[in-house]
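S.K.: fold the following for me, if possible:
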Amino acid sequence: MSSGNGPRRKASKQQHSSSVVPSDPEAQAEIQRLFSKVKAYVRPAGGEWHVPDPNDALKHPAEEHRDLQELKASLNAVKDRLSDKNIQVWHQHTNSTNRAGKVIAAVRAAANAEICTQAWCKFYEILGTFKLLPEEALRRGELNSVHLCEAPGAFITALNQYVKTNESTRYCDWSWAANTLNPYHEANGGSTTIADDRLIANTLPWWFFGSDNTGNIMIQKHLLDLQAFVSNMSRVDLVTADGSFDCQENPDEQEALVASLHYCEAVAALLLLSSAGSFVLKMFTLYEHSSVCLLYLLSCCFRSVSVFKPATSKAGNSEVYVVCLDYDGKDAVRPMLSKLIRSYGPQLADREALLPASLIPQSFLEQHLEVCSYFYGLQVETITENLRLFGGVTPGQRQRLEDIRDAVAQLYLQRFQVSFLPRSRWVSRNTVTPACCGAASSRPLGQKKQTGSFNERREFQTLSWRERVERSCHGSWTQRHLSEDGGTRCVLDGPLSSCHTDSWYVVSGAALPAVRNSPFCEGALLNYLNEALADAAVDWSFLSSCDSCVAVSSASILFDAAAVRALRAGSVGDRQKSRCVVFGSRSAWAAGGDQVEGFVLTFRAEPRFPRRGCSLLHDGEPLYQQQLLDALTTSLQTLSPGDALLLPVFSALTRVTAAIVLCLHACFCSVSYRCPPPGSVVGAVLVCVGFCPAAAARMLPVLSDVQSCMSRSLGGEEGAGPAQPGGGERQVLQFVPMEELLGGGLRDFLWSMNSDIIQQKLHLLMRS
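M.R.: Now for the predicted structure:
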């Protein structure tokens, strides 16, 4: 059994780094072991390991391997000792004992690395440990890579840094493409979707999201479309796959839960890679039959397969990277690959076993058990040490840990020759400030934040949604009564000059089943609201208002609009009275008549609330969006310079509604909002003052095309029912590029408005 078939070692690095290693021989050995956690599968001579006959694949039930299941049970028993630990306290403790805990800070300081996260450091370590980039690619000076399940993009930026600072690759012409669950698609749930879009927002043309715009790589059509997406590459030299699911509620079964994703990632790599290419796959424990079969298949398709635990991967978790080098090529695996593609999908590992246990050679099983036992021992050793030190670290122990942590950080920089890269050579030039980085937002950069112990989190899930909201950090905020000045301090000053309508395009996809995700609000708030709405169907038209909340008055809104009009009058034409088009009922807005505060009021029917049965769609119901767009286009066609518009919205969580707000921003001198609109208990009214027709003239032809697309999706008939989720219907998902929706102050405006709207909705639901 080899412990390193394929890893690259550079003697010069070892000699150069000795100066930073502590003089304590035991510490020196510990540091060297930290960078040597690798086991390789070695093919026996004689062809005993070979690609299986596809006729034997996917037709037998999975079988448990007794020795591997014993390791699994033993490891879970050790991990169960952490169930009563407060996760934040525990993470603080394990971070302090993590030998590689100072590497990220050292890399940030020394290398100016883009998206310098733990994932960046892990992949850079893989690049520096294995000959991952094929020699043939380096000789021809052209490198092509595809990155699956890649958000937020640290593997891409790490590879960029490596290629542009490494002597052997500095002059390579590198091209890349990536796939991930689309962080902007409203139906992608927060438990599987990474919200951190700081690279995606600036490099959207390089990202593949598939025909339905979700980015779900576990759909067969998307796999074949991805192959077409990268067909402009002469070869694909490298595929990486860093995917996982949120398994926080069932950590003991993480490997089984993620098995189908790993199968799909591996099949995609076998389809995309060229001969001699490399594949890096993140996996976890390797105890299940699905993992045995997958590792055996990869060992038959690549000349070198190693399981590697980077020093910068937290030693107490189950994460490992399968590094596959020198692909035999599609011809060698074609019959099996064809069958895997035919069976491709989210249940690929759940239906039948890839192979029967009888077809897995005993020589492979013996090596696989050795691999699993090795990484089991490392993980148990780390958890046991952390439990022992949790009771208290002595000053001597703390000093020794800090010395090792300092040495590991310096050794990492020297061993992998981490060099400075100027910002001008980053993948992204940050021309767009993405949603996750907004000053006014608290959009999380990754998965949902955990609090309390595992036992406490399990108990928390048994509570009602009301109890969960009350105990959350938003509890007191949601119970706060509304005041009349809500939204008055949030204004979009216009007209927006950087509105590039010639680059707008329509994105359609499957009809949304629900809005579970939005780049324009905090994910936790949206989750709480959806939980509340799922508890009982709500008809917002008949929900009673809160007697203690101060309802915003129509007189107040009109007075503020008139004040803005007076301030802006010089730039839009000084007329004595302007027209104000109001989408709403006359009774709610015109108590004092049709001429109020310098405006002549004109009333039109407002877009109807989304139907009761579609509450989880929020503003994503297709018919509601069509009515909202019709209201916009009608207004832009009939308003005169200086006029005002009052348009109520249910929310602005979707890209379509956000784009409508952008259109208003481009056509009016001022856009603000007030919550809730007069005559309603939920939503907001957009207060648009100072109409400028020039932008509207450029915009209307594009909006007409969007209306046509919406009409076709809805059957082309006025009043036709909305596309039914799951019925194969399509829906317009976007018509303004995300770069524009995320730019300027629009994102912060929408974030503020959606927060106020969700707060009032939760407030009413909590009290109902």
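S.K.: ok, now how distant is residue 647 from residue 677?
M.R.: 9 Å (Cβ to Cβ, to the nearest Å). Yep, even glycine has a C-beta here, placed from its N, CA and C like the rest.
S.K.: identify the contacts common to these two.
M.R.: Overlap of the contact sets of residue 647 and residue 677 (by Cβ atoms under 8 Å, 6 or more residues apart in numbering) consists of residue 685.
S.K.: same for the biggest helix by length in the chain, what does it pack against?
M.R.: Determined from DSSP state H, the single longest helix within the chain is helix 362-390. Judged by 3 or more Cβ pairs under 8 Å, 6 or more residues apart in numbering; DSSP states H and E, helix 362-390 is in contact with strand 38-41, helix 66-79, helix 87-97, helix 289-301.
S.K.: how far off centre is it?
M.R.: 31 Å (Cα atoms, centre = their mean, to the nearest Å).
S.K.: list the buried ones in it?
M.R.: 364-365, 367-369, 371-372, 374-376, 378-380, 382-383, 386-387, 389 (16 or more other Cβ atoms under 10 Å).
S.K.: just to revisit the earlier point, which one of the helices and strands packed on helix 362-390 lies nearest to residue 422?
M.R.: Residue 422 lies closest, by Cβ to Cβ, to one member of the helices and strands packed on helix 362-390: helix 87-97, at 30.3 Å.
S.K.: just want the angle from that closest one to helix 362-390.
M.R.: 100 degrees (axes from the mean of the first three to the mean of the last three Cα atoms, to 10 degrees).
S.K.: packing partners for helix 87-97?
M.R.: Short answer (3+ Cβ pairs under 8 Å, 6+ apart): helix 87-97 packs on helix 362-390.
S.K.: which helix or which strand is home to the closest residue to residue 68 other than its chain neighbours?
M.R.: Closest residue to residue 68 apart from its sequence neighbours, by Cβ to Cβ, 6 or more residues apart in numbering: residue 287 at 4.1 Å. Using DSSP states H and E, residue 287 sits within no helix or strand.
S.K.: pretty sure residue 287 contacts residue 70?
M.R.: No. Here residue 287 does not reach residue 70: they are 9.0 Å apart, not a contact under Cβ atoms under 8 Å.
S.K.: what about the stretch 51-200 of the chain, any weak spots by pLDDT?
M.R.: Within the stretch 51-200 of the chain, the segments meeting pLDDT under 70 span 190.
S.K.: kindly apply the preceding question to the stretch 451-600 of the chain instead.
M.R.: In the stretch 451-600 of the chain, residues with pLDDT under 70: 451-457, 459-460, 484-488, 568-576, 591-593, 597.
S.K.: which residues of it fall in helices?
M.R.: 454-461, 465-471, 475-478, 523-535, 554-572, 586-589 (DSSP state H, counting those that start in this stretch).
S.K.: and those helices: which comes nearest residue 511?
M.R.: Between those, helix 523-535 lies closest to residue 511; by Cβ to Cβ that is 17.4 Å.
S.K.: is the residue nearest to the spatial centre of the chain in a helix, a strand, or coil?
M.R.: The centroid of the chain falls nearest to residue 194 when counting by Cα atoms, centre = their mean (2.1 Å). The assignment at residue 194 comes out as coil when based on DSSP: H, G, I helix; E, B strand; the rest coil.
S.K.: need the nearest residue in space to it, chain neighbours excluded.
M.R.: residue 151 (3.8 Å).
S.K.: re earlier: quick one: which of the helices of the stretch 451-600 of the chain is nearest residue 495?
M.R.: Nearest to residue 495, of the helices of the stretch 451-600 of the chain and by Cβ to Cβ, is helix 554-572 at 9.8 Å.
S.K.: what helices and strands are in contact with whichever strand or helix holds residue 109?
M.R.: Assessed by DSSP H and E, residue 109 sits inside helix 103-111. Under the contact definition 3+ Cβ pairs under 8 Å, 6+ apart, helix 103-111 sits against helix 118-129, helix 395-415.
S.K.: could you list the buried residues of it?
M.R.: 103, 104, 106, 107, 111.
S.K.: which one of these is nearest residue 181?
M.R.: Nearest member of those to residue 181, counting by Cβ to Cβ, is residue 104, at 24.7 Å.
S.K.: the closest one is in contact with residue 118, isn't it?
M.R.: Yes. Using Cβ under 8 Å, residue 104 is in contact with residue 118, at 6.4 Å.
S.K.: overlap in contacts, those two.
M.R.: residue 312.
S.K.: ok, and the closest non-adjacent residue to residue 385?
M.R.: residue 97 (7.2 Å).
S.K.: wait, the one you found sits on residue 387?
M.R.: No. Applying Cβ under 8 Å as the test, residue 97 and residue 387 come out as separate, 10.7 Å apart.
S.K.: distance check, residue 54 against residue 229.
M.R.: Counting by Cβ to Cβ - residue 54 and residue 229 are separated by 26 Å.
S.K.: also residue 104?
M.R.: Counting by Cβ to Cβ, the gap from residue 104 to residue 229 is 32 Å.
S.K.: count of neighbours near residue 500?
M.R.: Counted with other Cβ atoms under 10 Å, the neighbours of residue 500 add up to 11.
S.K.: now do the contacts for it.
M.R.: residue 740.
S.K.: wait, what's in contact with the closest residue to residue 510 other than its chain neighbours?
M.R.: Distances taken as Cβ to Cβ, 6+ apart put residue 212 closest to residue 510, at 4.7 Å, once the chain neighbours are dropped. Counting by Cβ under 8 Å, 6+ apart, residue 212 touches 219, 222, 509, 510.
S.K.: among those residues, which one has the most neighbours?
M.R.: In these, the most neighbours by other Cβ under 10 Å go to residue 222, 23 neighbours.
S.K.: quick one: that residue from residue 263, how far?
M.R.: The value you get for residue 222 to residue 263, if Cβ to Cβ is used, is 15 Å.
S.K.: in the stretch 201-350 of the chain, where is pLDDT below threshold?
M.R.: Looking along the stretch 201-350 of the chain with the criterion set at pLDDT under 70, you get 246-249.
S.K.: cutoff 80 now
M.R.: Applying pLDDT under 80 to the stretch 201-350 of the chain flags the ranges 245-252, 348-350.
S.K.: and the helices in it?
M.R.: 220-229, 254-272, 289-301, 330-342.
S.K.: what angle separates the longest one from helix 66-79?
M.R.: So that's helix 254-272. 120 degrees.
S.K.: what does the shortest one give?
M.R.: Comparing the axes of helix 220-229 and helix 66-79 via the same axes, to 10 degrees yields an angle of 90 degrees.
S.K.: also the third one?
M.R.: Comparing the axes of helix 289-301 and helix 66-79 via the same axes, to 10 degrees yields an angle of 120 degrees.
S.K.: check which helices and strands helix 289-301 sits against.
M.R.: By 3+ Cβ pairs under 8 Å, 6+ apart, helix 289-301 packs against helix 254-272, strand 278-283, strand 302-308, strand 320-327, helix 330-342, helix 362-390.
S.K.: let's see 7 Å
M.R.: helix 254-272, strand 320-327, helix 362-390 (3 or more Cβ pairs under 7 Å, 6 or more residues apart in numbering; DSSP states H and E).
S.K.: turn those into JSON lines, including distance to residue 156.
M.R.: Formatted as JSON lines, the helices and strands packed on helix 289-301 follow (distance: least, Cβ to Cβ, whole Å):
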{"stretch": "helix 254-272", "distance to residue 156": "16"}
{"stretch": "strand 320-327", "distance to residue 156": "16"}
{"stretch": "helix 362-390", "distance to residue 156": "27"}
